[in-house]
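Enquirer: Predicted structure and sequence below. I'll ask about it afterward.
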Amino acid sequence: MNKTPSSERIHITLYGIRNAGKSALINALAGRTISIVADHPGTTTDPVSKAMEFGSLGPVVLTDTAGLDDEGEVGTLRVRQTLEKLSWSDIVVFVTPVDRPPTAQEKNAFKELKQSKASVLIAANRADLPHNPEKLAWLQQHQDLQTAENRKAAGIVFTSTLTGIGIEELKKTIAALGEQSKFHEMSPLEGLVKEGDTVLLVTPIDSAAPKGRLILPQVEVLRDALDKGCIAMCVR
């Protein structure tokens, strides 16, 4: 399991605003400390990933991300990194504090999720605190969110890392979504590149190569690089 390459693992990404409890939640899911937890907003500044085994799913990559409401010039870059992780994710756990009303950043996030190919699960976190009525109504409205591939969101799981509410249910729901994700066909460069990377494609031109055209695997890799927003260069 430890030797399984990242590209062959199921990618599970936690996504949400600052101080939603993403870092504490990812530590609870992993059963170990992956991310630093603090009351100060913005503790996680860059995506933090951990390759591990996750129950029946086997090898996965768990990723904690910076808050969607990070501020300033550097904060904008962090948010961009967070959004880029969506294209790499098989499962997105959208973490939202249930004791606070929905923010503008959270509302905008669902526009991104609709374009994502990932399966979406909502973790209504801090469930040990009084629930905000506006947040509850908003969550109910979005619990059946459809993604770009018409995968239905897995609904809402109420969680609390302080009391342990919903943690086991969250694990089981992620595992169920992951079983579905195992059967999706990965693209040639999945997990290997990100938007803006420069990809050098070394193409053999010899007697075995078809004259005047590229073979299908070469075309598929080139197209995948372009689809992912990479700069692709083909050399002989």
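Expert: Yes, it's here.

Enquirer: what residues are up against Lys171?
Expert: Contacts for Lys171 (CB atoms under 8 Å, 6 or more residues apart in numbering) come out as Leu29, Phe54, Gly55. (Each C-beta comes from the backbone N, C-alpha and C, glycine too.)

Enquirer: Next up, phi/psi of the last one, please.
Expert: Here the main-chain torsion angles of Gly55 (degrees, to the nearest 10) amount to phi 50, psi -130.

Enquirer: The second one now?
Expert: Listed backbone geometry of Phe54 is phi -130, psi 80, with angles given as degrees, to the nearest 10.

Enquirer: how close does it sit to Ile26?
Expert: Per CB to CB, to the nearest Å, Phe54 is found 12 Å from Ile26.

Enquirer: where along this protein do the strands fall?
Expert: Read by DSSP state E, the chain holds these strands, from start to end of the chain: 10-15, 48-53, 59-64, 91-97, 119-125, 156-158, 198-202, 231-235.

Enquirer: Show me what the third one is packed up against.
Expert: Helices and strands in packing contact with strand 59-64 are listed as strand 10-15, helix 22-30, strand 48-53; criterion 3 or more CB pairs under 8 Å, 6 or more residues apart in numbering; DSSP states H and E.

Enquirer: Same question for the shortest one.
Expert: With contacts defined as 3+ CB pairs under 8 Å, 6+ apart, the packing partners of strand 156-158 are strand 119-125, helix 167-181.

Enquirer: State the distance from the nearest residue to Leu83 once chain neighbours are set aside to Asp197.
Expert: Distances taken as CB to CB, 6 or more residues apart in numbering place Glu112 nearest to Leu83, at 6.0 Å, with adjacent residues excluded. According to CB to CB, Glu112 and Asp197 sit 21 Å apart.

Enquirer: Any regions of this protein where pLDDT drops low?
Expert: 1-8, 34-46, 71-76, 143-154, 180-185 (pLDDT under 70).

Enquirer: For the closest residue to Gly55 other than its chain neighbours, list the residues it contacts.
Expert: Once flanking residues are discounted, Gly55 sits nearest to Ala175: 5.4 Å by CB to CB, 6+ apart. The contact partners of Ala175, by CB under 8 Å, 6+ apart, come to Phe54, Gly55, Ser56, Leu57.

Enquirer: Phe54 and Ile26: who's more crowded?
Expert: Each of Phe54 and Ile26 has its neighbours counted (other CB atoms under 10 Å); Ile26 has more, 28 against 20.

Enquirer: and the more buried one, how far is that from Arg9?
Expert: 15 Å.

Enquirer: And for Lys117?
Expert: For Lys117, the distance to Arg9 - CB to CB - is 16 Å.

Enquirer: Kindly reformat the strands of the chain as a markdown table containing distance to Ala208 and mean neighbour count.
Expert: Below are the strands of the chain laid out as a markdown table (distance: least, CB to CB, whole Å; neighbours: other CB atoms under 10 Å):
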| stretch | distance to Ala208 | mean neighbour count |
| --- | --- | --- |
| strand 10-15 | 36 | 26 |
| strand 48-53 | 37 | 16 |
| strand 59-64 | 36 | 23 |
| strand 91-97 | 41 | 26 |
| strand 119-125 | 41 | 25 |
| strand 156-158 | 54 | 20 |
| strand 198-202 | 15 | 12 |
| strand 231-235 | 18 | 12 |
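
Enquirer: As a markdown table, those strands with distance to Gly166 would be great.
Expert: Converted to a markdown table, the strands of the chain look like this (distance: least, CB to CB, whole Å):
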| stretch | distance to Gly166 |
| --- | --- |
| strand 10-15 | 14 |
| strand 48-53 | 20 |
| strand 59-64 | 17 |
| strand 91-97 | 12 |
| strand 119-125 | 8 |
| strand 156-158 | 5 |
| strand 198-202 | 41 |
| strand 231-235 | 43 |
